[in-house]
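Q: quick one: sequence and predicted model below, then my questions.
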Amino acid sequence: MSDKFNKIYNQSINNPEEFWKNASDDIFWFKKPTKILNKSNPPFYKWFEDGTTNTCYNALDTHIDKGNGKRTALIYDSPITGNKSKFTYEELKAKVSKFAGALKDQGVIKGDRVIIYMPMIPEAVIAMLACARIGAIHSVVFGGFASNELASRIDDSKAKILVTASCGFEPGRTVEYKPLVDEAIKQAKHKIEKMILFQRTGHEVKLNAPTEVDWKEVVSNAKDTDCVELSSNEFAYILYTSGTTGTPKGIVRDIGGHIVALKWTMKNIYNIDEGDIWWSASDIGWIVGHSYIVYAPLFKGCTTILFEGKPVGTPDAGAFWKIISDYKVKSLFTAPTAFRAIKKEDPEGKFFSKYDLSKFESLFLAGERADPDTIKWAENLLKVPVIDHWWQTETSWAISSNCTGIEMMETKYGSACKAVPGYDVKVIKSDQTLAKPNEMGDIVVKLPLPPGTFPTLWNADQRYKENYMSNYDGFYQTYDAGHIDEDGYIWIMSRTDDIINVAGHRLSTGAIEEVLSEHQSVAECAVLGVADKLKGQLPIGLIVLKAGVDKDNETISKECVQMVRAKIGPVAAFKVAIVIKRLPKTRSGKILRGTIRKIADNVEYKMPPTIDDPAILDEIKQDLIKSNILKSA
Ligand code: COA
Ligand code: AMP
């Protein structure tokens, strides 16, 4: 290995302003920034403060200005409906500019919030870019969330407009969005002014004018609309993510830093050049979808693929290979769970052998730890590098990765490779001292964070400061724990809060507990993520009933499962609620969740010295065996 990566990494840490100033020269600015980093008010850092730009201009117009308007910007492929379409940069710009006009006609002005609750169709991307064009702040809500979650996002963002579609399609079921949206609007205290609904062919729904308007109608009356000039530190979007309580956190992204950082990552992390064909198999409702279906590939001038399907069952375990082969995809980014699903269905790779993947160069995995078995299986099959990299909604781009565009590094199975330029990653032990190589602790990043990361939380500066920036002075707390080895490789081992990762989807067990506690028969409960071969983790609930409840346990369990589906959404994948007699606690009353999880995962555990009654652990074990969570020895 040469020293190229180390040199670039060191420059980024020793002289971040020069490093990011150079990267910023690669994007379009109406007014180039002269102030690169404002450090005067930590932990609220400002990148490119006096620059002005526009996210949509950098995603679309700039490529047309450079003569690349005929290049394909977006390919939509929906094995679920059989629909396919392609949009050149010019065509996508035309659609975005019209929808931007339609938003303006509905009263949206710069700084207004627009909620986008849509399936994976081109209109969802068009709506995001149209917001960016006029300086509206979008907040995309994943379609697998229930009305209650949508309502809490409407209330927190105080959105003016909600954009949706008549339905989405999941294998074997149609997701009717309109009733979900109606219910959310009813539940929300803040009243949105208009709903714009895209009618999917053959699935039209009735609209109640004048507050509910049809996408096609508003677009047909709209004028083309140009990009507005925005200050670098205005907000591009809010993306809500699970926090340590049931209240989701509104991660915000500022405009200039986001464009600079994401464009930089395409070459340096992913080795992707302008004109390359790139696919991120995620959903626009998650950060991976925001950054790598929509923004980064378009900033770079690539062709990006929007896939409305699943790795298996749409129609088979060859769906991914078909897309890669049909469109000559250079690199794919997805979650390990997708590959585990394919491996489970087609362990020998019989489907794989039907397709030509000669143009395919690399596979990137993130969202949860990529287990070595899955990485090795994928490497054997694909014969290309398979790269695990680590990041969070908060950062919007990878904190650690093999930076394949700078220098390919050796793989260490189970590690998410090294800190990416811009991130000074450290491990801090419980005694607040820095860990030595291989010592476990909390993983933190030295402030200031690089551009593109979250400058604050929506309307919650204090929460940002207290939650993330206060526990370790001068560092961002990632809430991941692990170690860094002697070669600088980062090993992410667990979360230190209540977040679990279910099929690459980030969920809060605290939020599920809040729902279970609302059941009238439930006295107390604990929700924990237990290991699952396909989804990585699955939430299970342990519930203790109030005295005198005369309903049978099975009915109560079913009601609890139904409540979580209705209040959080199917995405929680919450299928198991076990009625138990009592929960193990410390003498001070703290539920021993970690110990229960170890029992459920069948791994060794130490009897906690502070436990109030050790016999409870055996009771729990028997309950887990009865519920098939745990096999009897
Ligand atoms: N709208 C509505 N419902 C949705 C949805 C959406 N956009 N996405 C998922 N759901 C539903 C599913 O239909 C399922 O409902 P069900 O309980 O009625 O079956 C539930 O939410 C759980 O979904 P999921 O966890 O995705 O499980 P699955 O069994 O449907 O699929 C995988 C499992 C592995 C195939 C799937 O998770 C997958 O493709 N993952 C790829 C990686 C990914 O997208 N990661 C995101 C971040 S990178
Ligand atoms: P999200 O905000 O949904 O992207 O989830 C972020 C969290 O997912 C991180 O804090 C980690 O706990 C986990 N995560 C993401 N990528 C990885 C990875 N490559 N290895 C281990 N954990 C990961």
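A: Nice, I can see it. Ligands and ions are numbered 1, 2, ... in the order given.
Q: which positions in the stretch 101-250 of the chain make contact with ligand 1?
A: Within reach of ligand 1 by C-beta under 6 Å from any ligand atom, the stretch 101-250 of the chain has these residues: 143, 144, 168, 170, 175. C-beta coordinates here come from the backbone N, C-alpha and C atoms, glycine included.
Q: just the buried ones among the residues you listed, please.
A: 143, 144, 168, 170 (16 or more other C-beta atoms under 10 Å).
Q: restricted to strands, list these.
A: In strands, judged by DSSP state E, the following of those are found: 168, 170.
Q: pull the contacting residues for the nearest residue in space to residue 500 that is not next to it in sequence.
A: For residue 500, ignoring the flanking residues on the chain, the nearest one in space by C-beta to C-beta, 6 or more residues apart in numbering is residue 529 at 3.2 Å. Listed by C-beta atoms under 8 Å, 6 or more residues apart in numbering, the contact set of residue 529 reads 500, 501, 502, 509, 537, 538, 539, 597.
Q: residue 529 bridge partners, please.
A: residue 539 (DSSP bridges).
Q: so it versus ligand 1, what's the distance?
A: 13 Å (C-beta to the nearest ligand atom, to the nearest Å).
Q: hmm, back to that, out of the contacts of residue 529, which is nearest to ligand 2?
A: The shortest approach to ligand 2 among the contacts of residue 529 belongs to residue 501, at 5.3 Å (C-beta to the nearest ligand atom).
Q: what parts of the chain come near ligand 2?
A: Counting by C-beta under 6 Å from any ligand atom, the residues of the chain near ligand 2 are 241, 287, 366-369, 388-393, 416, 478, 480, 492, 495, 501, 506.
Q: any idea how many residues pack against residue 426?
A: 16 (other C-beta atoms under 10 Å).
Q: assign it to helix, strand or coil.
A: strand (DSSP: H, G, I helix; E, B strand; the rest coil).
Q: my guess is it contacts residue 439. True?
A: No. Residue 426 is not in contact with residue 439 according to C-beta atoms under 8 Å; the separation is 11.2 Å.
Q: which neighbours do the two share?
A: Common neighbours of residue 426 and residue 439, counting by C-beta under 8 Å, 6+ apart, are absent.
Q: what sits against whatever residue of the stretch 101-250 of the chain ends up closest to ligand 2?
A: Nearest residue of the stretch 101-250 of the chain to ligand 2: residue 241, at 5.4 Å (C-beta to the nearest ligand atom). Counting by C-beta under 8 Å, 6+ apart, residue 241 touches 248, 249, 251, 287, 393, 394, 506.
Q: in the sheet, who's paired with it?
A: Here residue 241 shows beta-bridge partners residue 249, assigned using DSSP bridges.
Q: roughly how far does the residue lying farthest from the centre of the chain sit from ligand 1?
A: Distance to the chain centre peaks in the chain at residue 548, reaching 42.9 Å (criterion: C-alpha atoms, centre = their mean). Distance of residue 548 to ligand 1, given as C-beta to the nearest ligand atom: 33 Å.
Q: just say helix, strand or coil for that residue.
A: Residue 548 ends up coil, using three-state DSSP.
Q: summarise which helices and strands the longest helix along the chain is packed against.
A: Ordering each helix of the chain by length in residues (DSSP state H) puts helix 89-105 first. Contacts defined by 3 or more C-beta pairs under 8 Å, 6 or more residues apart in numbering; DSSP states H and E place helix 89-105 against helix 62-65, strand 72-78, helix 122-134, helix 215-220.
Q: quick one: low-confidence residue ranges for the stretch 151-300 of the chain.
A: Scanning the stretch 151-300 of the chain for pLDDT under 70 picks out 243-246.
Q: that one: strands as residue ranges?
A: Using DSSP state E, counting those that start in this stretch, the strands of the stretch 151-300 of the chain run over 161-165, 167-170, 173-176, 194-198, 212-214, 230-231, 235-241, 249-254, 277-280.
Q: show me the shaky parts of this structure.
A: Short version for the chain, where the test is pLDDT under 70: 1-2, 243-246, 632-633.
Q: so how far is residue 249 from residue 23?
A: Using C-beta to C-beta, to the nearest Å, we find residue 23 at a distance of 27 Å from residue 249.
Q: correction: residue 494
A: Distance, residue 494 to residue 249, using C-beta to C-beta: 20 Å.
Q: ok, these two, which is more surrounded?
A: Remark: of residue 494 and residue 249, residue 249 carries more neighbours, 25 against 12, as counted by other C-beta under 10 Å.
Q: does that one really touch residue 454, like I thought?
A: No. If you go by C-beta under 8 Å, residue 249 and residue 454 don't touch, sitting 9.2 Å apart.
Q: and the stretch 451-600 of the chain, which residues reach ligand 1?
A: Residues of the stretch 451-600 of the chain found near ligand 1 (C-beta under 6 Å from any ligand atom) are 502, 503, 504, 505, 570, 571, 573.
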